[in-house]
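Q: Pasted the sequence and its predicted model underneath.
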Amino acid sequence: RKHRKMSINGLPVVISVLTDSYKAGHVDQYPDANKMVAYGEFRQSFDKFDDDRFVFWGSRYFVEQYLSHQWTQEDLDCAEKFYASHSPNPEHSFPWPKDLFTKMVKENNGYFPVKLQCLPEGTCANIHVPVYIITAEGEWSRLVTFLETLLTHIWYPCTVATLSRFARDVIEDAFEKSVAEEDKWKADSRLHDFGFRGCTCVEQSLIGGTAHLLNFVGSDTMSAAYYAQFHLNNGKAVASSIPATEHSVMTAWPTEADAIRHMINKYGGDGGVFGTVMDSYDYTYALDKIVPAMMKQKEAKGKSLWVLRPDSGDPTDAIIQALEAADKAAGHTVKEVNGVPFKVLNGINALQGDGIGLSEMKKISAAVIAHGYSACNVAYGMGSGLLQKVNRDTMSFATKLCYIEYADGTKRNVMKKPKTASGKSSLPGCLKVSRVNGVPTVFPLKEGDEDPDGMMQTVWNNGPVDVKWEDFDSLRARVKREWAALPKKNDPVSAELKEVIVQWIKEFDEGYQEKLAL
C-alpha cells in the first residue's frame with residue numbers, strides 16, 4: 001500500500017516519530033511500574049553569570065501545537081513503516097511501543113496519557129526550580145519520558161526570555177543613571193528584535209520572538225508580533241516598529257542624500273519616526289556632511305524623530321560618532337538626573353544593531369553616559385545575538401526521572417548523581433514548588449498534602465484540560481514584577497528536600513556494592 005502523506009503542524013512527519021530514536025525503545029527498557037514521575041530544570045545560570053534567575057515561557061505553545069494533537073491509527077500505520085526500516089539490521093524492526101500507542105488511540109481518544117504540570121507562564125525563578133513535572137500512571141507509566149524531546153525544546157523560549165530580561169537590566173541601569181523621569185517610558189523600546197532572518201525556520205522566529213516581547217515592545221519579527229497580538233493578547237497590539245531603510249534602499253538612489261530626502265518627505269513631520277542606515281559608502285562623511293544638510297528639510301516638515309543606524313565599525317565608536325554628529329547638527333536639551341546634566345538630542349536618536357550582545361550593550365551604555373549623553377538617545381537592535389546565539393547548554397536544561405512505584409507496590413525516589421559531573425545531579429522524589437517569602441522553592445511532595453500542586457499549573461491530564469491562560473499583557477506585568485523581587489542568587493532547594501537528598505545518598509552508599517553485584 002502506498003505510504004500516505006501525513007503532517008503535524010504543516011511538518012511532513014507524523015506525531016509518533018517526534019522524539020529521539022532511543023526514546024521509542026525506552027518503554028520496553030523501563031521496569032514494570034504503577035507510576036513514574038519526571039521533571040525538567042535549568043542546572044546552570046545564563047552563560048554562568050553570577051545571577052541565576054530565569055524567565056519561564058513557552059508551555060502554552062507546546063500544549064496547543066503538539067500535545068493537543070490527537071493521534072490516529074493512520075499516524076501509527078505510518079510510524080510502523082518507518083520503524084520497520086529504522087534498525088541497522090533489516091531483519092529487525094526498531095523497537096517502539098506499538099501496543100501502547102494503539103491502545104491510546106482506541107481507548108484514550110488519541111491523546112497522550114500523561115499529566116503535565118508547568119510553572120505559570122512568565123514566572124521568574126532561580127535555577128533548579130522544576131519548570132515542569134510529568135506524571136504517568138498505570139499501564140502508561142513507561143511513557144513518562146517519551147515526550148521529553150519535544151518538552152525539552154522549552155529551553156529555547158525560556159533562554160531567549162532570560163537573555164532579553166538581562167538586556168532590560170542593562171538598559172534600566174543606564175536609564176537610572178542618566179534618563180529623566182519623563183523619558184523613562186522609552187526603555188520599553190530600547191532593544192529591538194532583528195532576528196527573524198537569522199532563524200532556522202518561521203516557528204523559531206515565532207517562539208523566540210514572543211519570548212523577547214515579554215520584556216520589550218520593539219520588534220521587526222512580525223511573525224511573533226502577530227502571534228502575540230492575536231493569539232495571546234486578545235487582539236491588543238504587543239509590538240511596534242518604524243519605517244527604516246536598508247542598504248539596498250540607500251544604494252538604489254543616486255546618492256544617500258536623495259534616499260534620506262525621500263524618507264523625510266514620506267515619514268517626516270506629524271510626530272513620525274523613521275530610520276536610515278548610514279554606512280553604505282562613507283559613514284563619517286554621511287554624518288558630518290549629509291546629516292546637517294538634511295536638517296532644514298526635516299525641520300520644515302515638522303516634528304519627527306530620525307534614527308541614525310551604523311552597521312559596521314566598532315559598535316561603541318560608531319554610536320558616539322553618531323551622537324556627536326547629531327548634536328552638532330540638531331542640538332540638544334539638557335536634563336538633570338541626580339544633579340548631573342545629560343544631553344537629550346533634539347529630534348535624532350542612534351540605533352546600534354551590528355554585533356550586539358549584552359557585553360556590547362554595557363560598553364556602549366557606559367561610553368554614552370561618559371560622554372554626557374542620556375541613555376535614552378540610543379536604542380539597540382539584536383538579531384542572531386538574541387534568537388540564535390543560545391543553545392540548550394547556555395543554561396544546561398535537562399529532564400530526569402525522579403520517582404517510581406514498581407509493579408509490586410515498592411516506592412523509590414530516583415536520583416542521578418554522577419561522580420564525574422556533580423552539576424548534573426538531579427532531585428529525588430515527587431516534587432512540589434511553593435513560594436517562601438515570595439520566592440519559588442522546591443519541596444518534597446508528601447502524601448496527603450492539602451495543596452499538592454503548589455505553584456504548578458496542570459496544563460494536560462491524559463487529555464485537554466480547561467487551562468486559564470493569561471493574556472500577554474498580564475504575563476509582561478508578571479515578569480517585570482517577579483524578576484525585580486527575586487534574589488539574583490538563591491538556592492531554591494528547601495531544607496526538607498535536602499534531607500531527602502542526604503538520606504538517599506546515605507542509603508545508596510550503604511548498599512552500593514550490593515547494587516553492583518551481578
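A: Structure received.

Q: got the contact list for the residue positioned nearest the centre of the chain?
A: Among the residues of the chain, the one closest to the centroid is P157, at 2.2 Å (Cα atoms, centre = their mean). By Cβ atoms under 8 Å, 6 or more residues apart in numbering, the residues touching P157 are W57, G58, Y61, I207, G208, T210, A211. For glycine as for every other residue, the C-beta is placed from the backbone atoms N, C-alpha and C.

Q: Please apply the same query to H69.
A: Contacts of H69 (Cβ under 8 Å, 6+ apart): I8, N9, I15.

Q: how far away is it from L150?
A: Per Cβ to Cβ, to the nearest Å, H69 is found 11 Å from L150.

Q: Would you agree W306 falls within a helix?
A: No - counting by DSSP: H, G, I helix; E, B strand; the rest coil, W306 is not part of a helix but strand.

Q: that older thread, now, of the contacts of H69, which are buried?
A: I8, I15 (16 or more other Cβ atoms under 10 Å).

Q: can you list the contacts of H69 in TSV and add secondary structure, distance to M263 and pLDDT?
A: Below are the contacts of H69 laid out as TSV (DSSP: H, G, I helix; E, B strand; the rest coil; distance: Cβ to Cβ, whole Å; pLDDT from 0 to 100):
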residue	secondary structure	distance to M263	pLDDT
I8	strand	44	76
N9	coil	39	75
I15	helix	48	89
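
Q: Output the contacts of H69 in JSON lines, with distance to V479 appended to each entry.
A: Listed next are those as JSON lines, based on distance: Cβ to Cβ, whole Å:
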{"residue": "I8", "distance to V479": "30"}
{"residue": "N9", "distance to V479": "27"}
{"residue": "I15", "distance to V479": "31"}
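
Q: And the contacts of H69, which is closest to A375?
A: N9 (41.4 Å; Cβ to Cβ).

Q: I'd like to check which residues are in contact with the closest one.
A: Q65, Y66, H69, E203.

Q: Of those, keep whichever come out buried.
A: Counted by 16+ other Cβ under 10 Å, the contacts of N9 give Y66, H69, E203 as buried.

Q: from the chain's centre, how far out does the host helix or strand of T162 sit?
A: Secondary structure from DSSP states H and E places T162 in helix 155-178. Relative to its chain's centre, helix 155-178 lies at 12 Å (Cα atoms, centre = their mean, to the nearest Å).

Q: Against I264, how distant is K296?
A: Distance from K296 to I264, by Cβ to Cβ: 10 Å.

Q: where in the protein is pLDDT low?
A: 1-7, 513, 515-518 (pLDDT under 70).

Q: I figured T333 was touching P341, is that so?
A: No - the pair T333 / P341 is not scored as a contact, 10.3 Å apart, by Cβ atoms under 8 Å.

Q: in what helix or strand does P113 lie?
A: Under DSSP H and E, no helix or strand contains P113.

Q: The closest residue to it other than its chain neighbours: what's it in contact with?
A: Leaving aside its chain neighbours, P113 sits nearest to W140 (4.1 Å; criterion: Cβ to Cβ, 6 or more residues apart in numbering). W140 sits next to L100, M104, P113, V114, N462 when contact means Cβ under 8 Å, 6+ apart.

Q: Number of residues surrounding the nearest residue to E80 once chain neighbours are set aside?
A: Spatial nearest neighbour of E80, excluding adjacent residues (Cβ to Cβ, 6+ apart): K98 at 6.6 Å. K98 has 16 neighbours, counted by other Cβ atoms under 10 Å.

Q: swap in C201?
A: Neighbours around C201, by other Cβ under 10 Å: 9.

Q: I would like the residues contacting the helix or strand where F508 lies, please.
A: Assigned by DSSP H and E, F508 falls within helix 495-510. With contacts defined as Cβ under 8 Å, 6+ apart, helix 495-510 is touched by N413, M415, K417, L427, P428, G429, L431, V442, F443, P444, V493, K515.

Q: rerun that using 7 Å as the cut-off
A: Applying Cβ atoms under 7 Å, 6 or more residues apart in numbering, the set of residues contacting helix 495-510 from outside is N413, M415, K417, L427, P428, G429, V442, F443, P444.

Q: Pull out the buried members of the residues you listed.
A: N413, M415, L427, P428, G429, V442, F443, P444.

Q: which one among those gets closest to G271?
A: Nearest member of the buried ones among the contacts of helix 495-510 to G271, counting by Cβ to Cβ, is V442, at 50.2 Å.

Q: Can you report phi and psi for T245?
A: Main-chain dihedrals, T245, degrees, to the nearest 10: phi -90, psi 160.
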